[in-house]
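**Student:** predicted structure and sequence below. I'll ask about it afterward.
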Amino acid sequence: RGTSFSAPLVAGYAALLKERCNNCSPLALKALLMNNAFRDIRYESSSSEKAPITLVGSGEVRINKSLDAGFWAYDTRDVQPSISLGLIDAAVDTVVRRTIQIHSLIDATQVIQVESLFRDSRDEKSGAVTISINPPSVTIGNCGVAIAEVEFRIDANKAPNNHFGHSYDEEKSALELDKNEFDGHITLTSLETGKDIALPFHMLLRKASHTTISSNQKLPWQPNTKSSTIIEITNSGAGVAQIDAFNLIAVSPDQPEASA
């Protein structure tokens with residue numbers, strides 16, 4: 001069930017889409033496949049826990065839904081049918097914005113409702129990430145284009161602590177890493193036809209520190225004597241700072257570069 005199995009299937013699906021929409025660009029074909037994928041995927045068939053975006057991506061391809069789609073959409077920043085926000089070290093409150101461009105495929109006016117849906121309701125309830133969409137609905141004319149702005153507002157004090165780089169037993173490790181994953185979908189639904197598509201969004205979020213030194217102080221030094229000084233370090237970030245102190249015993253002089 002790896003790429004050797006999936007690649008020819010997806011290539012065949014792309015050919016069917018190209019037959020239906022001869023003028024569609026490679027981006028449009030990719031978006032039609034990703035926008036219309038089946039999203040409700042679990043860790044296991046018997047589990048109620050939805051699998052994270054890092055595991056399932058946009059979901060499982062559904063070619064019939066892709067062929068029947070009335071519109072498609074993508075993130076204009078990355079020019080992808082997904083919203084990847086990467087690693088966010090939240091020392092202070094942060095706002096991240098993305099623009100979604102929506103393209104109609106039919107000769108009719110459509111009103112598209114744009115909403116956000118977290119994969120895990122606990123992420124939304126934590127208040128660490130709040131999503132707002134402006135406007136919440138857009139109107140697209142015949143084969144037209146519309147824009148919606150998505151704002152991710154991050155509360156640094158409510159962000160989870162760092163769960164990376166620690167050792168856990170195999171059974172718990174994936175769920176522990178999930179604590180820093182905030183993901184879900186931006187859904188777009190036609191109020192006329194009821195047809196919907198979605199763009200997955202994903203971020204790795206953790207609290208972070210922001211440390212500063214009051215001044216660049218140097219230890220008073222005299223041969224054969226002990227000396228000390230106080231260095232004041234301030235952490236203005238939301239996370240705990242780990243400070244490692246070390247001694248610089250000596251510095252060698254710079255050597256001139258060798259001539260060619």
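**Tutor:** That came through, no problem. Numbers count the residues shown, from 1 in each chain.
**Student:** so the residue lying closest to E124 once chain neighbours are set aside bridges to which residues?
**Tutor:** Leaving aside its sequence neighbours, E124 sits nearest to F118 (C-beta to C-beta, 6 or more residues apart in numbering; 4.3 Å). To be clear about C-beta, it is placed using only N, CA and C from the backbone, and glycine gets the same treatment. Judged by DSSP bridges, the bridge partners of F118 are G184.
**Student:** neighbours of F118, just the number please.
**Tutor:** Using other C-beta atoms under 10 Å, F118 is surrounded by 18 other residues.
**Student:** wait, doesn't it sit right on I186?
**Tutor:** No. In this structure, F118 is not within contact of I186 by C-beta atoms under 8 Å, at 10.8 Å.
**Student:** what helix or strand does V96 sit in?
**Tutor:** Remark: V96 resides in strand 94-104, with elements defined by DSSP states H and E.
**Student:** secondary structure element holding A238?
**Tutor:** Using DSSP H and E, A238 falls outside every helix and strand.
**Student:** ignore the last one, N22
**Tutor:** Assigned by DSSP H and E, N22 falls outside every helix and strand.
**Student:** can you give me the pLDDT of it?
**Tutor:** We have a pLDDT of 92 for N22.
**Student:** tell me, how many residues neighbour it?
**Tutor:** For N22, using other C-beta under 10 Å, the count is 7.
**Student:** ok, back up a step: what does the strand holding V96 rub up against?
**Tutor:** The list of residues contacting strand 94-104 from outside it, by C-beta atoms under 8 Å, 6 or more residues apart in numbering, reads 28, 70-77, 83, 85, 88, 110, 112, 114, 138, 140-154, 156, 186, 188, 199.
**Student:** show me which of those residues are buried.
**Tutor:** The neighbour count (16 or more other C-beta atoms under 10 Å) marks 28, 70-75, 83, 85, 88, 110, 112, 114, 138, 140, 146, 148, 150, 152, 154, 156, 186, 188, 199 as buried among the contacts of strand 94-104.
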